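Participant: just a sequence and a predicted model for now, questions to come.
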Amino acid sequence: MTSFYDKLMPAPKGGGFAMKGYWVWCGSVIQGDDGKYHMFASRWPKNISFAPHWLTNSEIVRAVSDTPEGPYEFAEVVLPVRGEGYWDGKMTHNPTIHRCGDKFLLYYTGTTYEGNIPTADDPVQPGSERQVQAHANQRVGLAVASSVAGPWERMDQSILPPRTGKWDALMTTNPAPCVHPDGSVLLIYKAVGFRGDLLRVGVAKADHYLGLYERLADEPIFRFDETEDHVEDAYVWHSDSDGSGGGYQLIMKDMKGGICGERGGGIHARSADGVHWSISDPALAYSRTIHWNDGSTTLQSRLERPQLLIENGVPTHLFAATSIDGDRKAIDTWNMVIPIRKGISG
């Protein structure tokens, strides 16, 4: 069988979404009823550092293009600041957009913390109380609308709170839902048990996207404790029409490179039930080495938060947040796009 990686085509130069004056991250795309393609992304001002300010200053925005490849143009802020008292009152991040019937479902991560939102004159200090609170208060949430242009109904509570005494005791982030036609949802998420813990992913399910989300497994669905490998940034889908034999598929980031063979590269995995997973062979789903449609090749500093555009049940484009780094710090970021050949299997 052909691997996921072998189906990736050259990336269009100048495609995706960038925004002057902002760090841009976390791009997820869907086609709207207007026939256009709408990317939901994270942004925060570039006059403050990329990290740790994604944690305190990110907001979810929408950008629009006539084609999946882009370039996308900024349209609006989707989930702005709404007050310290809300669970997502100070920051929204990790958007992933889906549809069920006539409703658009925007899953995301939010957080809140005490004090002012950081600025260039008042940046957040690593290890400060603001940062510690923002990190620990991260939760997975859901907003619902009848149009990609909103208005969005945000929930007053997180749909997946942490569990005291468990591996996911501190926070829940990076939602990756597979929304089924009947409204039920398989939800992959990232969590840690304590600050500094290895990143792991778990699985939950809801009979309806507005309903109760319950864990399907008490432990993470992947554990690499012996090698201390860890993972994040999952995206999951159900193989209905791609010729691969059905079941769930998943891509995610390999933090250390011990699983797929590349630090920061992508892992591909499969499951019949969404709970028991096997890593594909070969495991590599995507690489930080990018082949562009002008014939050039670059090694991107980061390639994270992979998301797929799925049309008629078939993945057609891979979107990923990417960066150019200097002196171990981000200099520029944007959301890039890689077209996918039809018939993914492997």
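Facilitator: Cool, the structure landed.
Participant: now do the helices in the stretch 1-150 of the chain.
Facilitator: If you assign secondary structure with DSSP state H, counting those that start in this stretch, the helices in the stretch 1-150 of the chain sit at 50-57, 129-136.
Participant: name the residues of the last one that are buried.
Facilitator: When neighbours are counted by 16 or more other Cβ atoms under 10 Å, the buried residues of helix 129-136 are found to be Arg130, Gln131, Gln133, Ala134, His135. No exception for glycine: its C-beta is placed from N, CA and C like everyone else's.
Participant: what are the buried residues along stretch 330-341?
Facilitator: Ala330, Thr333, Trp334, Asn335, Met336, Val337, Ile338, Pro339, Ile340.
Participant: ok, back up a step: now the helices of the stretch 1-150 of the chain as JSON lines including mean pLDDT and distance to Arg215?
Facilitator: As requested, those are arranged in JSON lines below (pLDDT from 0 to 100; distance: least, Cβ to Cβ, whole Å):
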{"stretch": "helix 50-57", "mean pLDDT": "96", "distance to Arg215": "25"}
{"stretch": "helix 129-136", "mean pLDDT": "97", "distance to Arg215": "20"}
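Participant: distance to Leu210 for those - can I get that in CSV?
Facilitator: What follows is the helices of the stretch 1-150 of the chain, written out as CSV (distance: least, Cβ to Cβ, whole Å):
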stretch, distance to Leu210
helix 50-57, 28
helix 129-136, 27
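Participant: helix or strand: which one has the residue most central in space within the chain?
Facilitator: Central residue check for the chain by Cα atoms, centre = their mean: the C-alpha nearest the mean position is that of Arg305, 4.1 Å away. When elements are defined using DSSP states H and E, Arg305 is found to belong to strand 302-311.
Participant: in its sheet, what does that strand sit against?
Facilitator: In its sheet, strand 302-311 lies beside strand 314-326 (antiparallel), with partners assigned from DSSP bridges.
Participant: quick one: the partner strand to helix 50-57, angle?
Facilitator: 120 degrees (axes from the mean of the first three to the mean of the last three Cα atoms, to 10 degrees).
Participant: who does Glu311 form a beta bridge with?
Facilitator: The residues paired with Glu311 through beta bridges, assigned by DSSP bridges, are Val314.
Participant: that one contacts Val29, correct?
Facilitator: No: counting by Cβ atoms under 8 Å, no contact exists between Glu311 and Val29, whose distance comes to 10.3 Å.
Participant: tell me which of these two has more neighbours.
Facilitator: Summary of the neighbour comparison: Glu311 and Val29, criterion other Cβ atoms under 10 Å, with Val29 having more neighbours (27 against 13).
Participant: quick check: that one vs Tyr248, distance?
Facilitator: Counting by Cβ to Cβ, to the nearest Å, the separation of Val29 from Tyr248 is 21 Å.
Participant: kindly report the same for Val24.
Facilitator: In this structure, Val24 and Tyr248 are separated by 29 Å, where distance is defined by Cβ to Cβ.
Participant: so which of those two has more stuff around it?
Facilitator: The residue with more neighbours, out of Val24 and Tyr248 and counting by other Cβ under 10 Å, is Val24; that gives 27 against 20.
Participant: got a pLDDT number for the more buried one?
Facilitator: On the pLDDT scale, Val24 is placed at 98.
Participant: before we move on, the earlier item: let me know the closest of the buried residues of helix 129-136 to Ile60.
Facilitator: Of all the buried residues of helix 129-136, the one with the least separation from Ile60 (Cβ to Cβ) is Ala134, at 15.9 Å.
Participant: one step back: give me the buried stretch members for the strand holding Arg305, please.
Facilitator: The neighbour-count criterion (16+ other Cβ under 10 Å) identifies Arg302, Leu303, Glu304, Arg305, Pro306, Gln307, Leu308, Leu309, Ile310 as the buried residues of strand 302-311.
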